[in-house]
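1. need coordinates for the following:
(2 chains)
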Amino acid sequence: MSSIALLGALEIGLLFGLVALGVYLSFRVLQFPDLTVDGSFPLGAAVAATLIVHSVNPWLATLAAAAAGALAGLTTAWLHLRLGILHLLASILTMIALYSINLRIMGRPNIALLGEPTVLSPLQDGSIPSYVLTPLAFAVAVFALKWLLDRFLNAEVGLALRATGANPRMARAQGIRTERAILLGLALSNALVALAGALFAQSQGSADVTLGVGVIVVGLAAVIGGEALLNPRSVAWATTACIGGSLLYRLLVALALNVELFGLQAQDLNLITAVLVASALALPRWRAGRSLRRNGPSDD
Amino acid sequence: MIDIRHLQVTFHPGTPLENPALRGIDLHIPSGQFLTVIGSNGAGKSTLLNALAGEAPISGGSIAFDGQDVTRWGVAQRAAAVARVFQDPLAGTCGELTVEENLALAAARGRRRGLRSACHRGLRAEFQARLAQLGLGLENRLADRMSLLSGGQRQAVSLLMATLRPMRILLLDEHTAALDPRMADRVLALTRTLVAERRLTALMVTHSLRQALDVGERTVMLHQGRVAFDIAGPERTRLDVPDLLRLFEDRAGETLADDALLLG
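-> Numbers count the residues shown, from 1 in each chain, chains lettered A, B, ... in the order given. Below you'll find the predicted structure:
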């Protein structure tokens, strides 16, 4: 594998680390299976790209993309809380609606950003090539956001969110307004995902309505894979595991596609993803089975 | 001071499953009183407790805390006034959070939650001191997950959590029923100490007639959603378990063929 391919894998791995943080917030912290992600990722890309080609400052465009993602998350939460729609179904409805909304925002299926100023433009004039600087800049941004998220989840409000997911009845007895916690959590989660979408469009040079297909699976792959590897016991470790899982996933995919021996091609990507997620899910059970065979059945 | 006036709770109203759980309860609990509530299965004990906490659908009557009508308030809104220990040790705590995180949640009960760190150093020192009083060695396990603790330990922590912040009433829902006898005694002793030390207004639901007479200063028996009797003072002091049983059979007009009530 060439170093450019490796750095490219790192770059995308870091961006999907943000997606993984968002998925961690909904699936793990709030225990809310939220598929909105498949719509909010391209939503972020669409909003940022559309604003940029309309000469809006790229930083402002990126911020607007995150805000749009938050709105998408609020919509799912509202469908669930106010209309009483099952959480999974509520998120699928938002996801489907976003496909049309994204087309409306862009006015066409894709927007090219070639030659447009982006938040990554400042990295392109220096003596160091941008394919080195971009992953570095993303690493700094993603770990800064991870640090902020850790702080948030260990603060009073964040702890209220975690209690809402873990034991809503107890949370309410402690005076936590669990509905507000779910609204806030899903807004934050989808803001992170839309931010990733906005940065993805800017680093890849285009936004496309089909960007979102399978984002949730990749995000879950990162969360579950990271957990299988690190077995995190604290918030800081869990978020580290999300980013680590995402990087590992991208490296494994790049490796699978680059090693000629396997004969795999780009169209096999989703198959590889499914196999990786299935193995990550099977890993804890396999481990348990192995220790059982070694130590004999336990008493309980 | 808790004022319950003609409180009615009906589950599934207007359906074939309609179930009037409380049919008009009048109860006045002065501040600082420790009240025990007994009754057979389906008498309405848990429903009364849930109605006070804001979890049961109130269809008639009213509840007031210190003169303030809270009948329409939700659980979270009442949390500043109501502290609660559930019967199931798993229900009152978060197994996935650490001991100190659980305590921190309770330390903010009924307060606005902000962006400051939930377990800051000052709070941690206080938690350690309070946990040490339990005598269970939990003061060194602040960073352990709650799920690693035994049921009894979790219930003791629940009790501590309930008393971290001021309240108008402490609700205890058969909170020793799921524990082994030794731990149950310990948690009950802790309950009595905390209620006495802090002069708490408390309502304890119990299945044990013995416990109902031994603990607190007033005993109310519910039967079919109504108050069957309500005794306190010297009249109550003179009573023993067989007298209580006779009193019940007298008022309810039926014999108690129910193993749900423990006579011991």
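
2. who's in contact with residue B:23?
-> For residue B:23, the contacting residues are B:8, B:224, B:225, B:226, by Cβ atoms under 8 Å, 6 or more residues apart in numbering or on different chains. Glycine gets a C-beta too; all of them are placed from N, C-alpha and C.

3. could you look up the SS state of it?
-> strand (DSSP: H, G, I helix; E, B strand; the rest coil).

4. who's it bridged to?
-> Taking DSSP bridges, one finds residue B:8 as the beta-bridge partners of residue B:23.

5. against residue B:231, how distant is it?
-> Here the criterion is Cβ to Cβ, to the nearest Å. By it, residue B:23 lies 21 Å from residue B:231.

6. residue A:143 too?
-> Residue A:143 sits 65 Å away from residue B:231, taking Cβ to Cβ as the criterion.

7. which residues does the residue in chain B that chain A sits nearest to contact?
-> Of all residues in chain B, the one sitting closest to chain A is residue B:79 (3.0 Å; Cβ to the nearest Cβ). The neighbourhood of residue B:79, defined by Cβ under 8 Å, 6+ apart, consists of A:172, A:173, A:174, A:175, A:176, B:109, B:110.

8. residue A:49: how many residues sit nearby?
-> Applying other Cβ atoms under 10 Å in any protein chain shown, we find 30 other residues in the vicinity of residue A:49.

9. name the element it belongs to?
-> When secondary structure is defined by DSSP states H and E, residue A:49 falls within helix A:37-53.

10. what's near enough to touch residue 8?
-> You didn't say which chain, so I picked chain A. Contacts for residue A:8 were tallied using Cβ under 8 Å, 6+ apart; they are A:131, A:254.

11. chain B was what I was after
-> Applying Cβ under 8 Å, 6+ apart, the residues near residue B:8 are B:20, B:22, B:23, B:24, B:25, B:58, B:59, B:60, B:61.

12. could you check the pLDDT of residue 88?
-> Chain wasn't specified; assuming chain A. Model confidence at residue A:88, expressed as pLDDT, equals 96.

13. nope, chain B please
-> Note for residue B:88: predicted pLDDT of 92.

14. doesn't residue B:178 make contact with it?
-> Yes - between residue B:88 and residue B:178 there is a contact under Cβ atoms under 8 Å: 6.2 Å.

15. tell me the secondary structure at the residue lying closest to residue A:243 once chain neighbours are set aside.
-> Spatially, and ignoring its direct neighbours in sequence, residue A:243 is nearest to residue A:17 (3.7 Å; Cβ to Cβ, 6 or more residues apart in numbering or on different chains). Per three-state DSSP, the secondary structure class of residue A:17 is helix.

16. hmm, stretch B:52-70 touching chain A?
-> Yes - part of stretch B:52-70 sits close enough to chain A to count as contact by Cβ under 8 Å from any Cβ of the partner chain, namely residue B:53.

17. need the residues that contact that stretch.
-> A:173, B:1-11, B:13, B:21-22, B:24-25, B:31, B:47, B:50-51, B:71-75, B:77-78, B:81-82, B:84, B:168-169, B:171, B:203.

18. report the buried members of the residues you listed.
-> With neighbours counted by 16 or more other Cβ atoms under 10 Å in any protein chain shown, the contacts of stretch B:52-70 contain buried members at A:173, B:2-5, B:7-10, B:21-22, B:25, B:47, B:50-51, B:73, B:75, B:77-78, B:81-82, B:84, B:168-169, B:171, B:203.

19. among those residues, which lie within strands?
-> B:2-5, B:7-10, B:21-22, B:25, B:82, B:84, B:169, B:171, B:203 (DSSP state E).

20. residue contacts, the closest residue to residue A:211 other than its chain neighbours?
-> Taking Cβ to Cβ, 6+ apart, and ignoring the residues beside it in sequence, residue A:211 has residue A:42 as its nearest neighbour in space, at 4.3 Å. The neighbourhood of residue A:42, defined by Cβ under 8 Å, 6+ apart, consists of A:98, A:99, A:102, A:197, A:207, A:208, A:209, A:210, A:211, A:212.

21. returning to that earlier point: look up phi and psi at the residue of chain B closest to chain A.
-> Phi and psi for residue B:79, reported as degrees, to the nearest 10, are phi -60, psi -30.

22. next one: it, what pLDDT does it get?
-> Here the pLDDT value assigned to residue B:79 is 95.

23. quick one: the closest residue to it other than its chain neighbours from residue B:77, how far?
-> The shortest distance from residue B:79 to any residue other than its chain neighbours is 3.0 Å, reached at residue A:175 (Cβ to Cβ, 6+ apart). Plainly put, residue A:175 is 8 Å away from residue B:77 if you go by Cβ to Cβ.

24. next, residue 59: secondary structure please.
-> No chain was given, so I picked chain A. Following three-state DSSP, the label given to residue A:59 is helix.

25. hmm, I had chain B in mind actually
-> Residue B:59 ends up strand, using three-state DSSP.

26. now do the contacts for the closest residue to residue B:201 other than its chain neighbours.
-> In space, not counting the residues next to it along the chain, residue B:201 is nearest to residue B:169; the distance is 4.9 Å by Cβ to Cβ, 6+ apart. Contacts for residue B:169 (Cβ under 8 Å, 6+ apart) come out as B:2, B:29, B:52, B:65, B:81, B:82, B:83, B:200, B:201, B:202, B:203.

27. same check, this time on residue A:10
-> A:135, A:139, A:247, A:250, A:251.

28. same deal with residue A:244?
-> Residues touching residue A:244, when contacts are defined by Cβ under 8 Å, 6+ apart, comprise A:226, A:229, A:230.

29. weed out the non-buried ones from those.
-> Buried by 16+ other Cβ under 10 Å: residue A:226, out of those.

30. buried residues in the helix holding residue A:49?
-> Those would be A:37-52, for helix A:37-53 by 16+ other Cβ under 10 Å.

31. same question, stretch A:89-102
-> Along stretch A:89-102, these residues count as buried under the neighbour rule (16+ other Cβ under 10 Å): A:90, A:91, A:92, A:93, A:94, A:95, A:97, A:98, A:99, A:101, A:102.

32. same question for stretch A:133-149.
-> Along stretch A:133-149, these residues count as buried under the neighbour rule (16+ other Cβ under 10 Å): A:133, A:134, A:135, A:137, A:138, A:139, A:141, A:142, A:145, A:146, A:149.
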